[in-house]
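Colleague: predicted structure and sequence below. I'll ask about it afterward.
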Amino acid sequence: MCQEDALYFIELFSEKSDQVKLITILLSALIAVFVLLLNQFFVQRRNRQEYLLEKIEKLSQLSIEYTDLCSQILSDVRGQAASKHIDYPSVCDEDKRKIRANIRKIGMICGLYFKGAGFDPNDYYIWNMEVLDVLEKGKDSMEGKAYLYFEDAEQHIVNSDAKLAVLCSNLVRQYGYKTYAQEIKEKFGKIFKKKEMI
């Protein structure tokens, strides 16, 4: 039966005009499949890019929340330190949990989606604000030293905010929307730089 089908197929396209039609149909089918696959590639790429941009936006929101939480904690502790009724100012457990959860979320997003982002959670934990430890344990009650510790804590918040802002802006620059011309320029620019080095 297969031999008969093969003979029928050969007879069907035995004339030159029929062979041209077959080749045209095959080329059209190949082009259609190629266009479909190319379209699928660009759609998936765009979807991935949009997904990563959503994650960068979430990361940016978390970094703002982190800065706000740290500022609130420092303000609360400063208010407690100024109060005559509280001997040893401290950070409430709820605020500590919020900071840890926030840092954990930032670390999770960076670890899952942006491994090369350079996020180190140890740079952001609350223990980096030494004033909290000093005041909680009553180690140093001298007014001048407490003021310096508060300044250091404020500088830690500013530095952390700046590092997180740079991290987010670098990710936007790396994963943000680019035109096709920009992508070509970046790819060929890297190739030309490699050739110059050789």
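Modeller: Everything's here; your move.
Colleague: could you use CA atoms for every contact and neighbour count after this?
Modeller: Will do.
Colleague: buried residues, stretch 96-107. List them.
Modeller: For stretch 96-107, the neighbour count (16 or more other C-alpha atoms under 10 Å) marks Lys96, Ile99, Arg100, Asn102, Ile103, Lys105, Ile106, Gly107 as buried.
Colleague: need these in TSV with distance to Pro89 and secondary structure, can you?
Modeller: TSV is the format used below for those (distance: C-alpha to C-alpha, whole Å; DSSP: H, G, I helix; E, B strand; the rest coil):
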residue	distance to Pro89	secondary structure
Lys96	14	helix
Ile99	18	helix
Arg100	20	helix
Asn102	23	helix
Ile103	23	helix
Lys105	28	helix
Ile106	28	helix
Gly107	29	helix
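Colleague: just the element for the spatially most central residue of the chain, please.
Modeller: The residue lying closest to the centre of the chain (C-alpha atoms, centre = their mean) is Ile56, at 4.4 Å. Using DSSP states H and E, Ile56 maps to helix 16-82.
Colleague: which strands or helices does that helix pack on?
Modeller: In terms of contacts (3 or more C-alpha pairs under 8 Å, 6 or more residues apart in numbering; DSSP states H and E), helix 16-82 is packed against helix 93-113, helix 143-175.
Colleague: circling back: dump the buried residues of stretch 96-107 into a markdown table; add distance to Ser90 and pLDDT as well.
Modeller: Formatted as a markdown table, the buried residues of stretch 96-107 follow (distance: C-alpha to C-alpha, whole Å; pLDDT from 0 to 100):
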| residue | distance to Ser90 | pLDDT |
| --- | --- | --- |
| Lys96 | 10 | 86 |
| Ile99 | 15 | 89 |
| Arg100 | 16 | 90 |
| Asn102 | 20 | 94 |
| Ile103 | 20 | 92 |
| Lys105 | 24 | 95 |
| Ile106 | 25 | 94 |
| Gly107 | 26 | 93 |
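Colleague: Glu65: what's it in contact with?
Modeller: By C-alpha atoms under 8 Å, 6 or more residues apart in numbering, the contact list for Glu65 reads Asn102.
Colleague: what does Pro121 give?
Modeller: Pro121 makes contact with Ile103, Arg104, Gly107 under the criterion C-alpha under 8 Å, 6+ apart.
Colleague: of all those residues, which comes closest to Val35?
Modeller: Val35 lies nearest to Gly107 out of the contacts of Pro121, by C-alpha to C-alpha, at 39.5 Å.
Colleague: I figured that closest one hits Phe119, correct?
Modeller: Yes: look at Gly107 against Phe119 with C-alpha atoms under 8 Å: they come within range, at 6.8 Å.
Colleague: number of nearby residues for Cys92?
Modeller: Cys92 has 11 neighbours, counted by other C-alpha atoms under 10 Å.
Colleague: phi, psi for it please.
Modeller: phi -70, psi 150 (degrees, to the nearest 10).
Colleague: any stretches of the protein with poor pLDDT?
Modeller: 1-14, 84-87, 135-144, 146, 178-198 (pLDDT under 70).
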